[in-house]
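1. Sequence and predicted structure below; questions after.
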Amino acid sequence: MKPLDAEQAAARTWFEHLRDLICAEFVAIEREAGSDADFEYISWDRTDPSGEPGGGGVRGVMTGKVFEKVGVNVSTVGGAFEGEFAKSIHGAGENPQFLATGISLVAHMANPHVPAVHMNCRFLATTKRWFGGGADLNPPLPVAADTEDFHATLKAACDAHEVGDYPRFAQWAEEYFWLPHRQVHRGVGGIFFDHLEGDFAANLAFTQDVGRAFLDAYPRIVRRRMHDAFTPEDEAAMLAWRGRYAEFNLVYDRGTLFGLKTGGNIDAILMSLPPRATWA
């Protein structure tokens, strides 16, 4: 993989810093619950199809009392897209060379009243350069106050930036996190953005505030719900809902496809799958 330029290095540094902040906060929540759970960090390297080194990443996974399974991954990979897949990537149709750096997070919770969550931010360089990402809340048993809190925090982050078009990004999430074969949404939405190109500094600043907004809103919601009592019926509803989550990630999720098509670490790519799920 070619050495990173200044923009690529700045994006990677932020994503790795955000990983550290998020993992520290999640471990703090486990401590508050009386658990000694911690993240296990596993490094991995990628070989490009050309046979050259293709970068790699670090997979962080924790299983605890509050977080039944949470993965926080960072990676920086590069090389060349293979075959027809290049045509599906912004700016890679004419030249398949790429560099991608980012963070990806999925948390599945032990208590059905605590929403699962997904967050991803990335910077890609092909013949074009852009940021993408977002965050979305996935409660098995939705609570309006939590949904409103999550959306309001993301909206405030968007409203602070000229590039942060909250109505568009929220609608994008509504459309993206949709299971056509079941005609249901995966969760209660959030924001989703892609191909944010142009002013690197402005786009990085916005992407950073999306990460900070997630770190503000989600731990607050977890602490609000993690001690709620739940019934066997609540847990059964959560496991059935997780089946829908798995269906989306295996059939429709673009990040899963990108990881598989670029020779990423299989365990890191599929860490988004829940540890338990049911299909009645």
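-> Okay, I see it. Just so you know, these numbers come straight off a predicted model, no measurement behind them.

2. And for the nearest residue to residue 163 once chain neighbours are set aside, the neighbour number?
-> Using CB to CB, 6 or more residues apart in numbering and skipping the chain neighbours, the partner closest in space to residue 163 is residue 206 (5.1 Å). (Each C-beta comes from the backbone N, C-alpha and C, glycine too.) Counted by other CB atoms under 10 Å, the residues lying close to residue 206 total 21.

3. where's residue 206 relative to residue 165, distance?
-> With distances defined as CB to CB, to the nearest Å, the gap from residue 206 to residue 165 amounts to 10 Å.

4. same question, residue 218
-> Here residue 218 is placed at a distance of 22 Å from residue 165 (CB to CB).

5. Residue 65 too?
-> Remark: distance between residue 65 and residue 165 (CB to CB) = 39 Å.

6. Now residue 31: which helix or strand?
-> With elements taken from DSSP states H and E, the one containing residue 31 is helix 6-32.

7. Pull out the buried residues from stretch 41-51.
-> 44, 46, 48 (16 or more other CB atoms under 10 Å).

8. Quick check: mean pLDDT of it?
-> Per-residue pLDDT values across stretch 41-51 average out to 87.

9. same check, this time on stretch 264-279
-> Per-residue confidence for stretch 264-279 averages out to 91 on the pLDDT scale.

10. for stretch 181-197, same thing?
-> pLDDT averaged over stretch 181-197 equals 96, rounded to a whole number.

11. if we can go back for a sec, mind listing what's buried along the helix holding residue 31?
-> Of the residues in helix 6-32, those scored as buried under the neighbour-count criterion (16+ other CB under 10 Å) are 7-8, 10-12, 14-15, 18-19, 22-23, 26-27, 29-30.

12. Now do that helix: which elements does it pack against?
-> If you count contacts as 3 or more CB pairs under 8 Å, 6 or more residues apart in numbering; DSSP states H and E, helix 6-32 packs onto strand 53-62, strand 67-80, strand 97-109, strand 116-125, helix 200-225.

13. Comparing residue 218 and residue 165, which residue is more hemmed in?
-> For residue 218 versus residue 165, the count of surrounding residues by other CB under 10 Å is larger for residue 218: 26 against 16.

14. these two touch, right, that one and residue 118?
-> No. In terms of CB atoms under 8 Å, residue 218 does not count as a neighbour of residue 118; the distance is 10.3 Å.

15. can you list residues touching both of the two?
-> Each of residue 135 lies in contact with both residue 218 and residue 118 under the rule CB atoms under 8 Å, 6 or more residues apart in numbering.

16. ok, how many other residues are close to residue 136?
-> Once other CB under 10 Å is used to define contacts, residue 136 is seen to have 25 neighbours.

17. secondary structure class for it?
-> The three-state assignment at residue 136 reads strand, by DSSP: H, G, I helix; E, B strand; the rest coil.

18. May I ask you to confirm that it is in contact with residue 185?
-> No. Counting by CB under 8 Å, no contact exists between residue 136 and residue 185, whose distance comes to 9.4 Å.
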